[in-house]
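Colleague: sharing a model that was predicted from the sequence below.
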Amino acid sequence: QVQLVESGGGLVQAGGSLRLSCAASTRIFGNGAMAWFRQAPGKEREFVAAVMWSGGSVIYADSVKGRFTISRDNAKNTVYLQMNSLKPEDTAVYYCAVRLRGWARAADEYDYWGQGTQVTVSS
């Protein structure tokens, strides 16, 4: 079992920045990946970004490319999401997830989930 705890959400004005953190209770081995998803009210959960635990390759959704940066700290079993130039349409609950074999864009491909953290961007 992997437990994930997110932090760092909040209220920010458009154009501002936030950094989300997600700490895993155990080390992610091998070909695993950690990812961020988000879900706005009335919408499907959507992929935001993922990082491969071994090697550090990253993947972004087109909607956040150039504004968000995902990174990991292997020693702390933690993944971060630096969000810059935030827009009102970025408002959502942000979830951290772990997939034990590679990464995927589909939420139902992930094995473990955090409880989510609210990000609200005011215009």
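Modeller: That came in fine, so what should we check first?
Colleague: and the residue nearest the centre of the chain, what are its bridge partners?
Modeller: Residue closest to the average C-alpha location in the chain (CA atoms, centre = their mean): residue 36, at 2.1 Å. Residue 36 forms beta bridges with residue 49, residue 96, as assigned by DSSP bridges.
Colleague: surely it and residue 9 touch.
Modeller: No. Checked against CB atoms under 8 Å, the pair residue 36 and residue 9 is beyond contact range at 11.5 Å. Where you see a C-beta, it was placed from the backbone N, CA and C, and this is true even at glycine.
Colleague: what's the straight distance from one end of stretch 27-38 to the other?
Modeller: 23 Å (CA to CA, to the nearest Å).
Colleague: tell me the mean pLDDT for that stretch?
Modeller: Stretch 27-38 shows a mean pLDDT of 89.
Colleague: circling back to that earlier point, quickly list what's touching both of residue 36 and residue 9.
Modeller: Common neighbours of residue 36 and residue 9 are listed as 20, 94 (criterion: CB atoms under 8 Å, 6 or more residues apart in numbering).
Colleague: can you tell me how far the residue lying farthest from the centre of the chain is from residue 70?
Modeller: Residue farthest from the centre of the chain, counting by CA atoms, centre = their mean, is residue 123 at 22.6 Å. Per CB to CB, to the nearest Å, residue 123 is found 25 Å from residue 70.
Colleague: cool, and residue 38?
Modeller: Residue 38 sits 13 Å away from residue 70, going by CB to CB.
Colleague: now residue 56
Modeller: From residue 56 to residue 70 the distance is 10 Å (CB to CB).
Colleague: between those two, which is the more surrounded one?
Modeller: Per other CB atoms under 10 Å, whichever of residue 56 and residue 70 has more neighbours is residue 70, with 22 against 11.
Colleague: what sits against the more buried one?
Modeller: 36, 49-51, 58, 60, 79-82.
Colleague: having no further points to raise, I will conclude here.
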